[in-house]
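# Generate coordinates for the sequence data below:
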Amino acid sequence: MTSTYGFGFDDLARPRSRGARIARIDALATLLDTALVIPGTGVRFGLDALIGLFPVVGDIITTALSLFIVHARMLGNVAVDGVFGAVPLVGDAFDVLWRANRRNVRLLREWLDHERWR
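Residues are numbered from 1 along each chain as shown. Purely as a prediction, here's the structure:
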């Protein structure tokens, strides 16, 4: 079953082109960090902030989802998000501002662009 964002459980085992893999992790990052908008404010947030409202368990879930995007130094972004995100309420506000998944996709794109020119 494929979701609107282009990834589903049956798709995880199938090999994909580099572009398809990047699109899938980019969609996950968007879903977790910036898929929704607070009406009338323009402030974007995602499921990371919403799921994180459930203390500890929510942050464990969102940290696990973020690990799909992780590569090398990206672990730092996920670790910071997991640690600060675990603080009730303050951590949820931090999730809205930190956007670890968007940061990690940017790092991945930079790395892929660098690899292309090697």
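
# Return the residues in contact with Met74.
103-104, 107-108 (C-beta atoms under 8 Å, 6 or more residues apart in numbering). Any C-beta I mention is one placed from the backbone N, CA and C, and that applies to glycine too.

# quick one: which of those has the most company?
Asn104 (27 neighbours; other C-beta atoms under 10 Å).

# tell me the pLDDT at Ala29?
Looking at Ala29, its pLDDT is 92.

# Only C-alpha atoms, please: export the helix or strand harbouring it in CSV.
Following DSSP states H and E, one finds Ala29 within helix 18-33. The C-alpha trace of helix 18-33 is given here as CSV (Å, rounded to 0.1, in the frame of the first residue of the first chain):
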residue,chain,number,x,y,z
ARG,A,18,18.7,7.4,-6.1
GLY,A,19,16.1,10.1,-7.1
ALA,A,20,13.2,7.9,-5.9
ARG,A,21,15.0,7.3,-2.5
ILE,A,22,15.7,11.0,-2.1
ALA,A,23,12.0,11.9,-2.9
ARG,A,24,10.8,9.4,-0.4
ILE,A,25,13.0,10.6,2.5
ASP,A,26,12.2,14.2,1.5
ALA,A,27,8.5,13.4,1.8
LEU,A,28,9.1,11.8,5.2
ALA,A,29,11.0,14.9,6.4
THR,A,30,8.2,17.2,5.2
LEU,A,31,5.6,15.0,6.9
LEU,A,32,7.5,15.1,10.2
ASP,A,33,8.6,18.8,10.2
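
# and that helix, what does it pack onto?
Applying 3 or more C-beta pairs under 8 Å, 6 or more residues apart in numbering; DSSP states H and E, one finds that helix 18-33 contacts helix 47-51, helix 57-66, helix 100-116.

# Of those helices, flag the one that's most buried.
Most buried of the helices and strands packed on helix 18-33, by mean neighbour count (mean count of other C-beta atoms under 10 Å): helix 47-51, with a mean of 21.

# residues in contact with that one?
31-33, 35-36, 58, 61-62, 65-66, 81, 85, 92, 95-96, 100-101.
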